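> Generate coordinates for the sequence data below:
(4 chains)
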There are 2 protein chains.
Amino acid sequence: MKRPTIHDVAAAAGVSRGTVSRLLNGDRYVSPAARVAIERAISETGYVVNRAARSLVTQRTGSVVMVLSEPYEKLFEDPNYSTLIRVAIKMLAERDLSLVMMLAGDAAERERVVRFVRGGHADGVLLVSTHAGDPLVEALGSGPPAVSCGAVIGHENVIPYAAADERLGARQMTEYFVAQGRRRIAMITGPMDTPGGIQRLEGFAEVLGRKATSKLIAHGDWTQASGERAMAELLERTPDIDAVFVASDLMAAGALAALRAAGRGVPDDVAVGGFDDSSVAVSTHPPLTTIRQPLTEMAQETIRLLLALIDGAGQLEPVILPTELVIRESA
Amino acid sequence: MKRPTIHDVAAAAGVSRGTVSRLLNGDRYVSPAARVAIERAISETGYVVNRAARSLVTQRTGSVVMVLSEPYEKLFEDPNYSTLIRVAIKMLAERDLSLVMMLAGDAAERERVVRFVRGGHADGVLLVSTHAGDPLVEALGSGPPAVSCGAVIGHENVIPYAAADERLGARQMTEYFVAQGRRRIAMITGPMDTPGGIQRLEGFAEVLGRKATSKLIAHGDWTQASGERAMAELLERTPDIDAVFVASDLMAAGALAALRAAGRGVPDDVAVGGFDDSSVAVSTHPPLTTIRQPLTEMAQETIRLLLALIDGAGQLEPVILPTELVIRESA
DNA sequence: CTCCACTCTGTGCACGTTCACAGACATTCT
DNA sequence: AGAATGTCTGTGAACGTGCACAGAGTGGAG
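Numbers count the residues shown, from 1 in each chain, chains lettered A, B, ... in the order given. Next comes the predicted model:
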């Protein structure tokens, strides 16, 4: 049994293809009588428009591709992605756009993404966690509109994005430590080719000024193990620290383990602050004082930017959203 | 500048459309001379096949849809999804299939999915976390092949799936408790309309037999809060328990909090066992003894089943993969 | 009454591909 | 030599839709 086409609907409703097509595409100039007849015919036949045929003539595909540039480990652990995926699906569905997922972790995958996009298979591109210097950005060039969730370093003025105010968040945590009377405040950063890595450190340094010496700063790669390693390193270098701001909750969980191993009490000996307010933050002991990012709003604004570009908007400004200090027991 | 079509490639290579098409689709009967000429023409023109035009005639779409039936909270927390998404994208890409994501959390979303699938917009359906009695399964009916990651309760013989051996995992943990000499072993289950909820309890009961009384069993909904609540409930009902098997790591983190609040030491007073070996398991204090599911293999086998069905395989058997006990400090 | 503007409808064409078919040519077998 | 087989190629039709266009009907203004 073949799928019904627009011809079948037209025949059943006693009108022509053109009229059905006009109704489907929200044009005016469809008489009330024709309208009800067509609507009945559609529900009777169970007609669903054939996207392939449509996109052949409209040159649009009805889909948006989300490109994950992260090497796969991170995909496991970041609630950011789940939120973004969910919000993206929901908001795109309202416009009858579907979400296609692609990976761009290595050169072969990037090649595939470029072929897909340049081949005209997506009306928009949603970049996620694209690192500084990622060749993908150049390669996509002047294809369909692209946005990013989080800044793309080096392309801030080319690719619109929505992001949390990373510097603000870092300042909030650091100022909280200062207000509590902590004297030796250290930091564990993320990778320095990501906005979260760079800007959270900047916020930290803005508050502490010259007190933010390199002896008080260690670098991690977002993983729990790297947080533990960095904390051990800091304790070795500067045993008298009494607070540490860790650029992610997961790394903070690692830091807690290192502090416990070193016999330091949290928060009495050393205060620990995380970043993200992820599910890890409440499963550690003690639960983490952390910075909440407005993940849902970030996702919404990102999609909104993309939809605006698809609708033909010109250059758009980035959207920066405020963070919030969430106080629990670790600081 | 228009995108090059197969005509342009044919012209540039000095052959006809048909020959180019044959090469593209891996047919035999293309002479070596034609082959090199076409390949050169393709790379010179930057030609990419137009999927819309292709699927119009082949009646295939080149995409697979992944349907997430979970109300959105869970999406936040389960590493299972990230693994599945990543593996799915990778394996499908090898076959030049792309992954489309859809939600089916409420009736409107389910309606959209059904229209999409019945409208012929997917060559295969990948069900995720479909609950017992989900109307979606019926509604999809005799469309393209569907598989599930994890059993779909009530449709085990209709929808092929790959899953961990839930009962085995539950037995492994329970037997470990028994071997340690624990006498009063309780359990916190997941929701009883999911395979993980039902079968982990079954495995538990298989080992304990009549000792698994209802006083020793409490139910959660996979969330950390529900784990905490269930643990408190158990401690109230049966204060002398000395071990508890919790059906997920996240709920186990909640249980740890409840035990701490009640002043019970872990593992000395009460041993705690989780399930999943998720990232939470190593961020709790103490780290969780838990059951590892072979997430990657599960995902791979699921996709393999789907690809086999797309290739025209008949009825397929479910794939059940063994779990593994991971011993840490909580038991 | 004529003209114009507006609403509504049907028709032919194009989008870019695959597939079935027919035919050309080379090779092998009887 | 003729037939049969196998390799390679080009051509026309079809897939289902949107769009431009032409044209029919209606009502109001001049």
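> Can you give the distance from the helix or strand encompassing residue A:167 to the centre of its chain?
Using DSSP states H and E, residue A:167 maps to helix A:166-179. Relative to the mean C-alpha coordinate of its chain, helix A:166-179 is positioned 23 Å out (Cα atoms, centre = their mean, to the nearest Å).
> Packing partners of the following helix or strand past that helix?
Sequence-wise, the next helix or strand downstream of helix A:166-179 (DSSP H and E) is strand A:185-189. On a contact count with 3 or more Cβ pairs under 8 Å, 6 or more residues apart in numbering or on different chains; DSSP states H and E, strand A:185-189 meets helix A:166-179, helix A:195-208, strand A:217-219, helix A:224-237, strand A:243-246, helix A:249-261. Just so you know, the C-beta spots here come from the backbone N, C-alpha and C atoms, and that holds for glycine as well.
> and those, which is most packed in?
Ranked by mean neighbour count, the helices and strands packed on strand A:185-189 are led by strand A:243-246 with a mean of 30 (mean count of other Cβ atoms under 10 Å in any protein chain shown).
> Need the per-residue pLDDT for the closest residue to DNA strand D within the stretch 101-250 of chain A.
Closest residue of the stretch 101-250 of chain A to DNA strand D, Cβ to the nearest atom of the strand: residue A:123 (13.7 Å). Reading off the confidence values, residue A:123 has pLDDT 97.
> For chain A, name the helix or strand with the lowest mean pLDDT.
Among the helical and strand segments of chain A, the one scoring lowest on mean pLDDT, DSSP states H and E is helix A:72-75, with a mean of 55.
> residues in contact with residue A:29?
Residue A:29 makes contacts with residue A:22, as judged by Cβ atoms under 8 Å, 6 or more residues apart in numbering or on different chains.
> what kind of secondary structure is it in?
Under the three-state scheme (DSSP: H, G, I helix; E, B strand; the rest coil), residue A:29 adopts coil.
> so what pLDDT did it get?
88.
> Mean pLDDT and distance to DNA strand C added to the helices and strands packed on strand A:185-189, as TSV?
Shown next, in TSV, are these (pLDDT from 0 to 100; distance: least, Cβ to the nearest atom of the strand, whole Å):
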stretch	mean pLDDT	distance to DNA strand C
helix A:166-179	98	44
helix A:195-208	96	38
strand A:217-219	97	48
helix A:224-237	96	46
strand A:243-246	98	51
helix A:249-261	95	45
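> so can I have CSV of the ones you listed showing distance to chain B?
Formatted as CSV, these follow (distance: least, Cβ to the nearest Cβ, whole Å):
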stretch, distance to chain B
helix A:166-179, 19
helix A:195-208, 18
strand A:217-219, 19
helix A:224-237, 7
strand A:243-246, 13
helix A:249-261, 4
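> So which of the ones you listed is nearest residue A:143?
Of all the helices and strands packed on strand A:185-189, helix A:195-208 sits nearest to residue A:143, with 23.3 Å by Cβ to Cβ.
> Not counting that closest one itself, show me its contacts.
With Cβ under 8 Å, 6+ apart, helix A:195-208 has contacts from A:150-151, A:153, A:163, A:166-171, A:173-175, A:178, A:185, A:187, A:189-192, A:212, A:217, A:219, A:245, A:247-248, A:275.
> in what helix or strand does residue A:272 lie?
Here residue A:272 is assigned to strand A:271-273, by DSSP H and E.
> Check whether that strand comes near chain B.
No. For strand A:271-273, no contact with chain B is found by Cβ under 8 Å from any Cβ of the partner chain; the gap never falls below 12.7 Å.
> and the next element down the chain from that strand?
In N-to-C order, the element after strand A:271-273 by DSSP H and E is helix A:280-283.
> helices or strands next to that following helix in the packing?
By 3+ Cβ pairs under 8 Å, 6+ apart, helix A:280-283 packs against helix A:249-261, helix B:249-261, helix B:280-283.
> hmm, who's touching the next helix or strand after that helix?
Using DSSP H and E, the helix or strand that follows helix A:280-283 towards the C-terminus is strand A:290-292. Residues from elsewhere that reach strand A:290-292 (Cβ under 8 Å, 6+ apart): A:169-170, A:172-173, A:249, A:252, A:273-277, A:281, A:323-326, A:328.
> gap between strand A:290-292 and the chain center?
The answer for strand A:290-292 is 16 Å, by Cα atoms, centre = their mean.
> What's the first helix or strand after that strand?
As assigned by DSSP H and E, the chain's next helix or strand after strand A:290-292 is helix A:295-310.
> Enumerate the positions of that next one that are buried.
A:295, A:297-303, A:305-307, A:309-310 (16 or more other Cβ atoms under 10 Å in any protein chain shown).
> Surely residue A:278 touches residue A:251?
No. Taking Cβ atoms under 8 Å as the definition, residue A:278 is not a contact partner of residue A:251, at 11.1 Å.
> Now do the end-to-end distance for stretch A:217-232.
12 Å (Cα to Cα, to the nearest Å).
> tell me the contacts of the residue positioned nearest the centre of chain A?
By Cα atoms, centre = their mean, chain A has its centre lying nearest to residue A:149, at 4.0 Å. Residue A:149 sits next to A:80, A:84, A:126-129, A:161-163, A:298-299, A:302 when contact means Cβ under 8 Å, 6+ apart.
> rerun at 10 Å
A:66, A:80-81, A:83-84, A:87-88, A:126-130, A:161-163, A:295, A:298-299, A:301-303, A:305-306 (Cβ atoms under 10 Å, 6 or more residues apart in numbering or on different chains).
> How about residue A:3?
A:45-48, A:50, B:59, B:118-120.
> and these, which two are the farthest apart?
A:45 and B:59 (18.2 Å).
> I appreciate the help and will end here.
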